[in-house]
Each structure stands twice: as structure tokens, then as C-alpha cells.
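> Have a look; sequence and predicted model below, questions after that.
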Amino acid sequence: MPQTTAAVITNQIESATAAMSSGRSLEVGGGAGHSSHFRPRASGGSSRDARPGSLMEFLSSVRLRRFRLQRVAMLVVLVYIWSVVYARFFSAAGGRHHRGAAHGAAPGDADDAEHPHDRMQAHHGVLPAMDSHDVRFVTLAAYSSQDAVRVLVDGKVVLSVDKAADKDHEKYRGMNVVVVNPRNGVVTAIRVFDTYLTGADHELLLFLRSVPPGRLIAIAIKDEGTFGLKEEARLALAALGAQDIRQLSWRDTWAFIAQQPTAEELKKNADGVAGQRPPAVAGDGIPIGRGESRGPSPDLSTWGPPSSTSARFSRDFSPRPSCFDASDRLGASAEAMRARTEFCDENDGYPGLCAARCNDYEPLFTPSPRRTVPYQELAGIPVVIMASNRPNYLFRMLRYLLEADGADRSMIMVAVDGYHAAPAKLAQLYGLNVYQHAPKGDRNGRICYHYKKTLTHVFDVAFPEAQAMILLEEDLQVAPDFFHFFAQLTQRLLSEPSLFCASAWNDIGYKHSSRDPSLLYLVDTMPGLGWMLKRSLYKGELEAVWPKPELHFDWDMWMRMEINRKNRPCIIPDVSRTFHFGASGLNMNPYFQSRYFDNKALNSDPAAVLKNVRKAIPILYGKDLDDLITLAEVLDHSKNPCSLAGDFFPAPREDEATRAPGSYDTYVFALKMSDEGDRLKHWGRLATCMRVWDLDARGFYDYVWRFFANGHHIICVGTMSPWFNSLKRRLGEFGPIRITKEDLAAWKDAQT
């Protein structure tokens, strides 16, 4: 008895899962579209070879041949039209995969052939058609389990991750969302929301709200996706038509497919008026308009069984909107609107850039109302954005950068690692320069190569007269005074050979540990994350010795090595001018982002004036430290900064809420540094107790750290610092602060 199409889909998913788990290759048939070849039918030989015996016979013969040629031409045109339709609706349906949008692949992630989605294509081919390609419909299938997740569109794999085959499978924990355009079956977005962690459900909610009505949405959980799923997100999924979302609990598997409703339909679904009825089922067993399956977990220590579902939707045959009528309102050319609507037809998750209706399109960005003229100090200095295939990150980055005071689009270049279309098209929509090159190496080695290739191109080709460049990354948000900050530092950096770089990032500058946007520090590390690089440094020192990709160096760790830094410090602000928001990448995951970056401070004062630029060189900064340490009040060294009492740092002043950012008291204390082994272990323990960066020691100058606590300016002097000798006489009977393993363990126990 023949199987129904629904059973065929289930078998496809189970076969793919079994094959990937066992390492077998799938033996599949077909997959590629069949080409249609037209060959005109030959006429009889006598008619073709006969010679006209009279004028009438000759004219008749001419008319016959012309008729045949017209018929042939007409058939050729029809075949051509059919081939275009075929290519649009069949080949595009599963042949285009959005990789970077899927999980935010950083520069250096596996290249196209090594990505999990592509490995499925490369090693297992295209899965068999679900039943038959019916141009009237688009059919989606989704699979959820503890170790694997898969989504198919018209029988072709568009997302496939398996613990047995993919070393980066952990990045796909939580809810995997695939969005499909029903007009052509093209995948317009793939996102992963680690809803096991707190906060990811809010990002999921914002993304779902950005998806225009009519789009097809498939969601599948890998591993665990409910621990951080709050009520608001559950209600939003219920409004999409999900019936099991309220019962979805710890370690359940869940696969869900639906069509994004209109605003009116969403409200009805949220009110319970619609969306809760079971979907209709086609004759071949595939649900129409919605599919859902849940595998309940039997107990807290066990995952639910795998679940899979499928759903069929009518294809949208309406033409893609051109929105030419919006050109005048937006001040854009017809060609620019065509490029924009084309991008939005192929990509989702870009609120403000894309809209469901032409009347809802907004300007690409809103220039700063304070300053639109570029800063003269930055004339000839380009801003280079290092990008991979994370166009959704690049979109957020560009919106803030172009709206900052003094932004100059002609001096901004996006450097894309690889020939990815989406980030390049996005940058071009904003009128920016784009540089792309073939990748080389893998993982950290690939990132390292991307940097060298780009830096050389900028200084040698794109901006050969530039004396410096400002480097950013696609997952950074800039402060409104980003350009003003660097404009104030450019001359100091370029004229002072004792300085290594200027950076917008403070490694230990968190909301609770920084305060004054006008304050500058020198540090003996290279912070990166928004920094200015001198031409003389790169061309004269670094370019010739830059690590080769096969060495797999982290480029920034290599830059921090003393052999390169040569005891030259970098200038940094107390309050950062960049904010890292990218929760997914080669060296990043949602937990790491939440633990070390979500609480970072970002300056909001667009007119902050740096007050100690002249002193931002080693000889003058050292003298300034002398004065600060001499005048600072010494903290009570009988107490411990990791004690449960929490009384080591002075309490906030009563007038703290009304005091100006530049008004504060200064305190100092000494910190023990070990003579052997890890000299900085006491700082590492203190950093943990302070909830700042603690993976290695950063943000110090000659073993002096500066930060804020309870609104007070704090100076921590390590015992190996040259300033310790003058401080130790003021410590009394107590020596420098020591933080033992027991102190840290007690503090951690108290937190849990």
C-alpha cells in the first residue's frame, strides 16, 4: 500500500537522522531539476526539398516556411518562460541557504563547504522530494530532538545540525527558527535563540515581530529550550497558532510550523478567537497551514522523544512589490528602491529597513540632529568594519554608526570575509564601500588572514593616503560620540611614538565599575573592539610578521604580545564608546555574552569632552598617577573586597544621584602579587568578586588598575608596581590585600 506524503516526510527526516548519527552517506535519487530541451519537429522530406514549379508554388512555400519559423520562435519563447518559472520556484526553493544569518558565524568560522547546512548538501546530497514538486504549494518539515535539529523546504535540507557530526552543535541549543518566503520557497532567515538562557526569549520575540505577514515559520528545539522562556514569548508563539506552547516544559522536544498572521489575525489568536482549531489535512496526510508536534519529557533527567511535523502552504503568486511610489517620500532613486525591496524579499529580520507594505518603509537611517559634518581631525581616516556572514548583526551596527555625530559614509568600508551576498548588498544599500576577498584557513587562522588582507588593502589600495584607520567589528554598537571621541585623540596618537593604539573599549568598564565619560586611562594591553591603528605601526612593524593562517593565531592575542607591543600602552576611556552585542560567533556563545558583555557600560553623552588628552602619554600619565595616589585616601586593609560583608569599598555618598559624572572621591589600596607562578591570581579573584572581566588580567598600567565602585574612583596598586613603594608606608600594620581561594569560594557560595 503506498505511503502518504506525510509518511514520506517522516521517513526522510528519520533516514537523515540515522545516516548522520551512524556516519553513513545517504543514497538518494534525483534532486536536481530536469532541464527541458525543445527540438522543433521536422517536416516531410519532400516538402523541404521540393523546388517550386511556379510563382504561386514559390510564394506558398515562402509563407509556409515563415509560418513554421514563427511557430518555432513562439515555442522557444514559451520554453524560456517555463524555464524561468521552473528556476524560480523549484531551484530556488531549496538551493539557497542563509548561513551567517543562521547562527552568526564569525569571521573564521568554517567556510561554506564546512558549515553544517552545507555538509548535509555536500555529503548527503539533496533529500528526495517529499512527494512531487507541486508549483502551487510550499511544504515545510521540521525535526526536534536532544542531539539534532532539521528543517526541510520542499524536500531539501535548509538547516541540519547533529551532535554526532557537527563540532559546533552546542551553538544550536534552544529554538532554531527558519523563515521562508511563500512566493519562491527561498529561506529568508535562519536564527538560533538559546532560550535555555535568560534573555534569549526577548530576542526571539523581537525577531518574530519583525517577520512580515505571510512568511512561513518553522521552529524546532534542540536540546533544551524552555528554561528561559517567559510568559510573554509563550503568548507570542501561541498567537502564531502554537497549541502545545503552554504545556511545553523542561527537556521537551518541539517542532512547529505556521504562517505569520496579519496584525488582526495575531490579535484574534491572542484572544483565543482563532488559531486553536486543529489544522485541515490534505489527502496525502500533510497538515495544511500549520503543523505541530511535542515530545514530552517523562522526568527531569530525561529528554523527550524526537518529534517531527510538516505543513503545506499555498504558494504566493503575487509579484514582488517594487515600492517605486515610496522613492520620492524617502528621497531614494527608483534603482535604490528596487535594490532595497529585492533585499527585503530575500531577507527577514531587518525592522526599519524592510516593511510589509510600501507605505511603511522608513528612511535607511536618521542622521544625527546635532552634527552631520565630519570632524576635520578625522579627515582622510577611514572606518573599516570587519564582517563575515552575519548581516543581521551588521544591520544593527550600521544603524548606530551612521546615526552617530559626524559620520561620513564616504569614509566607511565594510570588509566581508568571503563572497557573501547579503552583507555586501546590505552595505551597498547604505551607500558604503565594500571589500570582499576569498577566505583562507579556518577558524582563528581565517580571522587572522581576514585582518591582514583587509589592513593591507586599506593602506595600499582603498585609502593609500590614510595615516590611520579605525577598526570596528560587525557585532559592535557605537556610542553617539564615537567619532568625536577619536577626533579628540587622533593628533595625540599620530604624533606620539610611545603610544601603541587608541581604543574605544575598556575591558573592565562595566555599569557598576565606570562613571566618567571624560576620563582617559593608559593600559598595557591592546583592547581592540573599536580602535585606531597607525599606518606607521602596521606598515613598518606588523605587516611583515603577521601570523600565517595555518598557525591559527588569535590576531588580537598576537597583537598583545610584548614582542609587538614593545612596552607601548594604548589610550582607553573610563566609559566605553562601543558595546559588544553579538551573542554568537567563533569565540562567542550566549552564556559568554551574558556573563561578560551584557552589563558593559556605553557612553550616552554625545558631547563628552576628554579632559586629560595632553597627559595621555607615558611620562605625563605617570606623573598624574603619582599625584592621584599621594592624595587618595587609603582603604581599610583589614577588610577584604571579597568578604560577604561587602564593606571594603565605601558606601555611595548621599548626594550620589545628583553629583556630576566628573565629581568623585578617590581611594587607593594595595594588592598582593605572587612572586612565583601566576603573578596576577589575586587580581583574577578580585575581578571575579567585582563581576568584571576575570579570564585574564587586563586594563592595568604598570600593575595599576583604575575603576569605580559605589561611585568612588578606586586605584588598585599591585605590589610589583613602581608606585607600591610609596604606598606601602601608608598601609600601617596591614600588608597588601590577599584574596585566597577560600575567600573566593565563600563568595561564590554566597552568590548561589
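Sure, I can see it. Note that the structure is predicted; figures quoted are calculated from it, not measured.
> M175 in helix, strand or coil?
For M175, the assignment made with DSSP: H, G, I helix; E, B strand; the rest coil gives strand.
> any low-confidence regions in this structure?
Confidence mapping of the chain against pLDDT under 70 gives the ranges 1-133, 268-285, 675-678.
> For the nearest residue to C689 once chain neighbours are set aside, the count of nearby residues, please.
Leaving aside its sequence neighbours, C689 sits nearest to C642 (C-beta to C-beta, 6 or more residues apart in numbering; 4.0 Å). Just so you know, the C-beta spots here come from the backbone N, C-alpha and C atoms, and that holds for glycine as well. Look at C642: counted by other C-beta atoms under 10 Å, it has 23 neighbours.
> same question, L159
Using other C-beta under 10 Å: L159 sits among 28 other residues.
> May I have the beta-bridge partners of it?
Note on L159: beta-bridge partners by DSSP bridges are V151.
> correct me, but it touches A189?
No: applying C-beta atoms under 8 Å as the test, L159 and A189 come out as separate, 11.0 Å apart.
> Touching both of the two, which residues are there?
Applying C-beta atoms under 8 Å, 6 or more residues apart in numbering, one finds that L159 and A189 are jointly contacted by V178.
> Next up, identify which helix or strand the residue nearest to C689 is on.
Using DSSP states H and E, C642 sits within no helix or strand.
> where's it relative to Q146, distance?
Per C-beta to C-beta, to the nearest Å, C642 is found 39 Å from Q146.
> same deal with S503?
Separation of S503 from Q146 (C-beta to C-beta): 42 Å.
> cool, and F579?
For F579, the distance to Q146 - C-beta to C-beta - is 35 Å.
> Send over stretch 726-740 as CSV, restricted to the C-alpha atoms.
Provided in CSV are the C-alpha atoms of stretch 726-740 (Å, rounded to 0.1, in the frame of the first residue of the first chain):
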residue,chain,number,x,y,z
SER,A,726,55.5,55.0,48.1
LEU,A,727,52.1,53.4,49.1
LYS,A,728,53.3,50.6,51.5
ARG,A,729,54.4,53.1,54.1
ARG,A,730,50.8,54.2,54.5
LEU,A,731,49.4,50.7,55.0
GLY,A,732,50.2,50.6,58.7
GLU,A,733,50.3,47.2,60.3
PHE,A,734,48.4,45.6,57.5
GLY,A,735,50.1,44.5,54.3
PRO,A,736,48.6,44.4,50.8
ILE,A,737,45.3,42.7,50.2
ARG,A,738,45.4,39.0,49.7
ILE,A,739,42.4,37.1,48.3
THR,A,740,42.7,33.4,48.9
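> How about residues contacting it?
Residues contacting stretch 726-740 (C-beta under 8 Å, 6+ apart): 626, 629-630, 634, 637-638, 640-642, 668-672, 682, 685-686, 689, 717, 719, 724.
> Would you list the buried entries among the residues you listed?
Neighbour counting over the contacts of stretch 726-740 (16 or more other C-beta atoms under 10 Å) leaves 629, 637, 640-642, 668-672, 682, 685-686, 689, 717, 719, 724 as the buried ones.
> Among the contacts of stretch 726-740, which ones are in strands?
Counting by DSSP state E, the contacts of stretch 726-740 place 634, 668-671, 717 in strands.
> Could you look up the SS state of H484?
Here H484 is recorded as helix under three-state DSSP.
> Could you do E550 as well?
Secondary structure assignment for E550 (three-state DSSP): helix.
> What strand or helix carries Y393?
helix 391-402.
> Go ahead and confirm I714 touches M690.
No: with contacts counted by C-beta under 8 Å, I714 stays clear of M690, the gap being 9.6 Å.
> Now do the shared contacts for those two.
F707.
> residues contacting the residue nearest to P367 when sequence neighbours are not counted?
With sequence-adjacent residues excluded and distances taken as C-beta to C-beta, 6+ apart, P367 is closest to E403, at 6.7 Å. Residues near E403 by C-beta under 8 Å, 6+ apart: 365-368, 480.
> Try it again at 6 Å.
The contact partners of E403, by C-beta atoms under 6 Å, 6 or more residues apart in numbering, come to 365-366, 368.
> repeat for D475
Residues in contact with D475 (C-beta under 6 Å, 6+ apart) are 393, 581-582.
> Mind doing that once more with 10 Å?
Counting by C-beta atoms under 10 Å, 6 or more residues apart in numbering, D475 makes contact with 104, 106, 386-388, 390, 392-394, 396-397, 529, 578-585, 588, 593, 597.
> And T198, by the same measure?
T198 sits next to 227-230, 590, 594, 598 when contact means C-beta under 10 Å, 6+ apart.
> circling back to that earlier point, look up how far A487 lies from the residue nearest to P367.
17 Å.
> Name the nearest of the ones in strands among the contacts of stretch 726-740 relative to A746.
L671 (18.6 Å; C-beta to C-beta).
> Any idea what the closest one is bridged to?
Per DSSP bridges, the residues bridged to L671 are G718, I737.
> wouldn't it be in contact with L680 here?
Yes: L671 is in contact with L680 according to C-beta atoms under 10 Å; the separation is 9.4 Å.
> Report the set of residues contacting both of the two.
686, 703, 718, 720.
> any idea how far the helix or strand that contains A258 is from the chain center?
Assigned by DSSP H and E, A258 belongs to strand 253-259. The gap between where strand 253-259 is centred and where its chain is centred comes out at 24 Å by C-alpha atoms, centre = their mean, to the nearest Å.
> Which parts of the stretch 301-450 of the chain are strands?
In the stretch 301-450 of the chain, the segments counted as strands under DSSP state E, counting those that start in this stretch are 307-314, 383-387, 412-417, 433-437.
> just so I know, which of those strands lies nearest K615?
The nearest among the strands of the stretch 301-450 of the chain, by C-beta to C-beta, is strand 383-387 at 26.6 Å.
> Report all helices and strands that the closest one contacts.
helix 391-402, strand 412-417, helix 421-429, strand 433-437, helix 443-457, strand 468-473, strand 476-478, helix 482-495 (3 or more C-beta pairs under 10 Å, 6 or more residues apart in numbering; DSSP states H and E).
> mind checking which of those is nearest L522?
Among the helices and strands packed on strand 383-387, the nearest to L522 by C-beta to C-beta is helix 482-495 (11.4 Å).
> Return the list of helices and strands in contact with that closest one.
Counting by 3+ C-beta pairs under 10 Å, 6+ apart, the packing neighbours recorded for helix 482-495 are strand 383-387, helix 391-402, strand 468-473, strand 501-503, strand 520-523, strand 531-534, helix 535-537, strand 570-573.
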